[in-house]
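Enquirer: need a structure here:
(chains A and B)
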There are 2 protein chains.
Amino acid sequence: MTQTHDSHTTFADLDPQFEAEFADRLQLDPEAQDLLFREARTANTFTDEPVTDTQVRAIYELVKWGPTSMNNQPLRIVLVRSPEARGRLVEHMGGNNKAKTSTAPLVAILAADTDFHDELPKTFPHAPGARDAFAGDPGRREDIARLNGALQVAYFIIGVRAAGLAAGPMTGMDVDAVDREFFPDGAHRTLAVVNIGHPGEDAWMPRLPRLDYDEVVTAV
Amino acid sequence: MTQTHDSHTTFADLDPQFEAEFADRLQLDPEAQDLLFREARTANTFTDEPVTDTQVRAIYELVKWGPTSMNNQPLRIVLVRSPEARGRLVEHMGGNNKAKTSTAPLVAILAADTDFHDELPKTFPHAPGARDAFAGDPGRREDIARLNGALQVAYFIIGVRAAGLAAGPMTGMDVDAVDREFFPDGAHRTLAVVNIGHPGEDAWMPRLPRLDYDEVVTAV
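Expert: As a prediction, this is how the structure comes out:
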């Protein structure tokens, strides 16, 4: 057991026996576990097959149900469809991310809307004073938008995988420049850019080690 | 179609026809979609049935595979098992969250470790200079830890649901006090507290509306 555990936190492939021991204890079926987590990988290359708006819509209509604080849903998604917009984005991506972002079938900018409170009368209707309570505190709104927007980025990545597509989430970029270029209202904070498509040749790096359970979880 | 769409962004139950139209376009089977997103709800009450360490372990061994920037994995999880620790936590929870946190079978504090860079030699071994590159910039580490820790909070919530359990994630608390109480090293930032168990009586509020696709997604 200890030996198995150690071996799977190296570059080696997953240890089937170790994985199965825990996979069987979940209600989610093993194929779904593989699709969303165990066999899903961050893709660095893609085929030419396009990603349609209908696919993005199907992803959104699933992951919109993921929970956020006070149902505040700050995530906003910009699909970079035109070559002109793609060029403006690639300019601000870091190093290796430029090439990946240039060639992916679909690139999405995921940002948090710090004016999420304007939607609270719709999204949290039983607390009619909620919008005004946030109106005077942009710093608090920014913290809340970043935290909950990041939750929704993760739901979105899971949703891309649920659609049978590969996601290539990236944070290496000049985020302030991306904000200025794509969100001139000054109210949005770019959290990640995600390349989306079907994985191409040599799509992934060797799997990187994960922290052991005992390094992450403690009990008090 | 428009009528269907409008009706499902109210307090009404989901519209089966609308949901099925998009559910069928995903590779993930509809039962798994329901388990993780569509029928999963934030639970406010729980039965007495305990949540075992083995269940938490199974959740972790699945969701540890979720992607983070540079594989940095900043999430740390504290399982609040003792009545004494539960009392210390409840004291700092806000309003309605006190009662929920007092009675849930298991309560987990999810925090981001701003010293995640100390693990990079293990988690990102092909970039041996990465640890030192972050060492002198605690402000940047804090931003990175909060963003990636929040991604992992979302993966964890999905994992709780994958285990057939209900999650009750909360952010309404005195986070600075929780940090001082449970992370005296000063290097961790509490992101959320999650109640975990089997849903009890009147476990959920009516489902709250989600933003429409066109309110969230734009194309450029």
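
Enquirer: just give the number of residues close to A:Asp53.
Expert: Using other CB atoms under 10 Å in any protein chain shown, A:Asp53 has 14 neighbouring residues. All C-beta atoms are positioned from the backbone trio N, CA, C, and that covers glycine.

Enquirer: in contact with it, which residues?
Expert: By CB atoms under 8 Å, 6 or more residues apart in numbering or on different chains, A:Asp53 lies in contact with A:79, B:219.

Enquirer: so where do the helices sit in chain A?
Expert: Remark: helices assigned in chain A by DSSP state H are A:2-8, A:16-23, A:30-33, A:53-63, A:83-90, A:97-103, A:120-123, A:130-135, A:138-162, A:175-182, A:213-216.

Enquirer: deepest-packed of the ones you listed, please.
Expert: helix A:138-162 (a mean of 23; mean count of other CB atoms under 10 Å in any protein chain shown).

Enquirer: where's that helix relative to the chain centroid, distance-wise?
Expert: Centroid displacement of helix A:138-162 relative to its chain, using CA atoms, centre = their mean, to the nearest Å, is 8 Å.

Enquirer: scan chain A for its longest strand.
Expert: strand A:188-197 (DSSP state E).

Enquirer: next, the angle from that strand to helix A:175-182.
Expert: 90 degrees (axes from the mean of the first three to the mean of the last three CA atoms, to 10 degrees).

Enquirer: mind listing what strand A:188-197 pairs with, with the direction of each?
Expert: strand A:106-113 (antiparallel), strand A:166-170 (antiparallel) (DSSP bridges).

Enquirer: how about those strands in CSV, adding distance to B:Thr103?
Expert: Output for these, formatted as CSV (distance: least, CB to CB, whole Å):
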stretch, distance to B:Thr103
strand A:106-113, 32
strand A:166-170, 37
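
Enquirer: out of these, flag the one nearest B:His198.
Expert: Closest of the strands paired with strand A:188-197 to B:His198 is strand A:166-170, at 31.7 Å (criterion: CB to CB).

Enquirer: what's that closest one in contact with?
Expert: Taking CB under 8 Å, 6+ apart as the rule, strand A:166-170 contacts A:40-44, A:46, A:93, A:97, A:100-101, A:104, A:153, A:157, A:160-161, A:192-199, A:203, B:67.

Enquirer: not counting residues beside it along the chain, what's closest to A:Pro30?
Expert: Spatial nearest neighbour of A:Pro30, excluding adjacent residues (CB to CB, 6 or more residues apart in numbering or on different chains): A:Ala23 at 5.0 Å.

Enquirer: and that neighbour, what is it in contact with?
Expert: A:30, A:33, A:38, B:58, B:61-62.

Enquirer: and if you look at A:Ser82?
Expert: Applying CB under 8 Å, 6+ apart, the residues contacting A:Ser82 are B:Val220.

Enquirer: try the one 4 residues further on
Expert: When contacts are counted by CB under 8 Å, 6+ apart, A:Arg86 touches A:80, A:101-102, A:107.

Enquirer: coming back round to it: any idea of the pLDDT on the residue nearest to A:Pro30?
Expert: A:Ala23 carries a pLDDT score of 90 in this model.

Enquirer: that one and B:Val56, how far apart?
Expert: 15 Å (CB to CB, to the nearest Å).

Enquirer: with A:Pro121 instead?
Expert: From A:Pro121 over to B:Val56 (counting by CB to CB), the distance is 38 Å.

Enquirer: what do you get for A:Thr45?
Expert: Counting by CB to CB - A:Thr45 and B:Val56 are separated by 36 Å.

Enquirer: any idea how far stretch A:176-186 is from the chain center?
Expert: 19 Å.

Enquirer: swap that for stretch A:18-33, please
Expert: That offset, for stretch A:18-33, works out to 23 Å (CA atoms, centre = their mean).

Enquirer: CA atoms only: put it into CSV for me.
Expert: Presented in CSV, the C-alpha positions along stretch A:18-33 are these (Å, rounded to 0.1, in the frame of the first residue of the first chain):
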residue,chain,number,x,y,z
PHE,A,18,-4.4,2.0,-6.0
GLU,A,19,-6.9,4.0,-8.0
ALA,A,20,-9.5,1.3,-8.1
GLU,A,21,-9.4,0.9,-4.3
PHE,A,22,-10.8,4.4,-3.9
ALA,A,23,-12.7,4.8,-7.1
ASP,A,24,-15.1,2.0,-6.0
ARG,A,25,-16.0,3.9,-2.9
LEU,A,26,-17.6,6.7,-4.8
GLN,A,27,-21.2,6.8,-6.1
LEU,A,28,-20.0,8.4,-9.4
ASP,A,29,-19.3,5.6,-11.9
PRO,A,30,-15.6,5.0,-12.7
GLU,A,31,-16.0,6.0,-16.3
ALA,A,32,-17.3,9.4,-15.3
GLN,A,33,-14.5,9.7,-12.7
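
Enquirer: buried residues of stretch A:201-209, list them for me.
Expert: Neighbour-count burial for stretch A:201-209, with 16 or more other CB atoms under 10 Å in any protein chain shown as criterion, is recorded at A:203, A:207-209.

Enquirer: now, which of these lie close to chain B?
Expert: A:208-209 (CB under 8 Å from any CB of the partner chain).

Enquirer: could I get the buried residues of stretch A:201-209 as JSON lines with pLDDT?
Expert: Shown next, in JSON lines, are the buried residues of stretch A:201-209 (pLDDT from 0 to 100):
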{"residue": "A:Ala203", "pLDDT": "92"}
{"residue": "A:Arg207", "pLDDT": "90"}
{"residue": "A:Leu208", "pLDDT": "94"}
{"residue": "A:Pro209", "pLDDT": "96"}
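
Enquirer: sketch out the low-pLDDT regions of chain A for me.
Expert: A:1-13 (pLDDT under 70).

Enquirer: separation between A:Met173 and B:Ala127?
Expert: A:Met173 is 18 Å from B:Ala127, by CB to CB.

Enquirer: more neighbours, these two?
Expert: A:Met173 (22 against 12).

Enquirer: which one is the more buried one nearest to, not counting chain neighbours?
Expert: The nearest residue in space to A:Met173 (CB to CB, 6+ apart) is A:Met93, at 4.7 Å.
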